[in-house]
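Novice: need a 3D model of the following:
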Amino acid sequence: MIANGEPRILIISGCMFLLACLLANVSAAQSGTRSSWKTNWERHSVDLSEIISGGVPKDGIPPIDQPEFVSPSSAAPWIGDREPVILLTIDDDARAYPLQIMTYHEIVNDIVGGVPVTVTFCPLCYS
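Specialist: Reported below is the predicted structural model:
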């Protein structure tokens with residue numbers, strides 16, 4: 001993104017923040033502490049002790065910090081012609097991040113067009 005002629009750090013965000021908030025409140029409910037939300041913790045249809053985290057632990061999703069790129073012809077054996085990718089172009093520098101890789105790693109830290117960027121993808125909500 002360019003604003004006023006200056007490149008800005010581009011962050012393509014997913015749903016990780018919302019998921020973290022939900023898990024934090026479930027964890028708070030399980031531990032007996034209460035969040036700052038005005039919630040009636042006495043009313044629920046599921047026993048709170050039955051709710052467990054189903055997510056990965058902290059740092060359980062490895063980011064790609066120095067991505068390596070290949071030519072389209074080199075990628076042909078493992079990527080289809082119409083496979084979805086996240087495309088990012090800054091100035092004349094264009095990158096494609098295949099969703100088959102983003103689904104596992106979810107986060108790529110890269111430099112595109114001289115601009116440090118973080119590209120994220122959430123496979124849970126496909127954003």
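Novice: now the residue at the greatest distance from the centre of the chain: which helix or strand?
Specialist: Relative to the centre of the chain, and counting by CA atoms, centre = their mean, the farthest-placed residue is residue 42 at 33.4 Å. Using DSSP states H and E, residue 42 sits in no helix or strand.
Novice: what number of residues are in the vicinity of the closest residue to residue 112 other than its chain neighbours?
Specialist: Counting by CB to CB, 6 or more residues apart in numbering, residue 112 lies nearest to residue 90, which is 4.7 Å off, once chain neighbours are set aside. No exception for glycine: its C-beta is placed from N, CA and C like everyone else's. Per other CB atoms under 10 Å, the neighbour tally for residue 90 reads 18.
Novice: surely residue 90 meets residue 116?
Specialist: No. Look at residue 90 against residue 116 with CB atoms under 8 Å: they stay out of range, at 10.5 Å.
Novice: lowest-scoring secondary structure element of this protein by mean pLDDT?
Specialist: Ranking every helix and strand in the chain by mean pLDDT, DSSP states H and E puts strand 11-12 at the bottom, with a mean of 36.
Novice: distance of the residue farthest from the centre of the chain relative to residue 52?
Specialist: 21 Å (CB to CB, to the nearest Å).
Novice: residue 58 too?
Specialist: 16 Å.
Novice: also residue 74?
Specialist: 43 Å.
Novice: which residues of this structure fall in strands?
Specialist: Assigned by DSSP state E, the chain shows strands spanning 2-3, 6-7, 11-12, 85-90, 93-98, 107-112, 115-120.
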